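> sequence? don't have it. structure:
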């Protein structure tokens, strides 16, 4: 049932957004006359790999900088790329990956291999399902770029204050997975673009009804400053990040 829903929903979205495809492609291409798409290697279900399709929001060869996390003031982001990321236009093309069976509409966000290698045995459960375009974690941390803005080491900061809670939310999405929840998450993803407070309140209510961990319930409200915390399955806070070769 999930796969059927994924295919039908993806076809609908691709058809609905077809009128903006060409303008977005042209604007990205006009900036530097390079491919408007970015094809990225990401971890697939059962620790395989696949090629993820995205509208390019960064400068050419930005992925060779050795930095995986992106802050809001990252100078690798192009002027048009800021709007592409703000309105999640870079995610639309990933519905092709859903049609190909690489991804689901709802599921943990696909990870680069470097990040996946840092996963604990508990976090590895996120690699047992198809990665997704959105989930509870994606909504709560939709402002990830702003959180990391100004950091000298965004990858390390991500692993210390975002990953611990993002992984827990992703694992919770997997644990509670059903078609009704998928539809709720899709609706909340759309609401989050225009009314973030309302979407976060809805997720907070969900977690309360699920009797989730008190710390996680508090975090999803996003009313307090994030703090370093161990990732699920570990007793230690991440103290370093392996740089890409």
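Perfect, thanks for sending it. The shown structure was predicted, so the numbers you read here are calculated from the model rather than taken from an experiment. Numbers count the residues shown, from 1 in each chain.
> pLDDT wise, what is the nearest residue to residue 47 once chain neighbours are set aside at?
In this structure, residue 47 finds its nearest non-sequential neighbour in residue 127, 5.1 Å apart by Cβ to Cβ, 6 or more residues apart in numbering. C-betas here are computed from N, CA, C, even on glycine. At residue 127, the pLDDT value in this model is 96.
> any idea how far residue 127 is from residue 155?
19 Å (Cβ to Cβ, to the nearest Å).
> Now do the helices in the chain.
Applying DSSP state H to the chain gives helices spanning 2-16, 18-32, 79-86, 89-92, 95-100, 113-116, 136-140, 144-148, 154-157, 163-175, 179-194, 196-209, 214-219.
> which ones are touching the spatially most central residue of the chain?
Among the residues of the chain, residue 109 comes closest to the average C-alpha position under Cα atoms, centre = their mean, at 4.3 Å. Applying Cβ atoms under 8 Å, 6 or more residues apart in numbering, we find residue 109 in contact with 131, 132, 135, 137, 138, 170.
> Put together a markdown table for these, with neighbour count on each row.
Output for the contacts of residue 109, formatted as a markdown table (neighbours: other Cβ atoms under 10 Å):
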| residue | neighbour count |
| --- | --- |
| 131 | 24 |
| 132 | 25 |
| 135 | 28 |
| 137 | 26 |
| 138 | 25 |
| 170 | 25 |
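> Can you add distance to residue 86 and pLDDT and give these back as TSV?
Compiled in TSV, those are given as follows (distance: Cβ to Cβ, whole Å; pLDDT from 0 to 100):
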residue	distance to residue 86	pLDDT
131	22	97
132	20	97
135	20	97
137	19	97
138	14	95
170	23	97
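> Looking at those, spot the one nearest residue 27.
Comparing the contacts of residue 109 against residue 27 with Cβ to Cβ places residue 138 closest, at 24.6 Å.
> is it true that that closest one touches residue 189?
Yes. Look at residue 138 against residue 189 with Cβ atoms under 8 Å: they come within range, at 7.0 Å.
> What pLDDT does the model give residue 75?
79.
> coming back round to it: please identify which of the helices of the chain is closest to residue 39.
Smallest distance to residue 39 across these (Cβ to Cβ): 10.5 Å, for helix 95-100.
> quick one on the thing from earlier: highest mean neighbour count out of the helices of the chain?
helix 136-140 (a mean of 25; mean count of other Cβ atoms under 10 Å).
> what sits up against that one?
108-109, 165-167, 169-170, 172-173, 185, 188-189, 192, 199-200, 203, 206, 219-220, 222.
> Then stretch 38-46?
By Cβ under 8 Å, 6+ apart, stretch 38-46 touches 49-58, 63, 90, 102, 110-113, 116, 127-131.
> Now the two most distant members of the contacts of residue 109.
The largest distance within the contacts of residue 109, taken as Cβ to Cβ, falls between 131 and 137 and amounts to 11.7 Å.
> what's the neighbour count on residue 54?
19 (other Cβ atoms under 10 Å).
> thought it was touching residue 95?
No. Shown here, residue 54 and residue 95 do not form a contact pair, counting by Cβ under 8 Å, at 11.1 Å.
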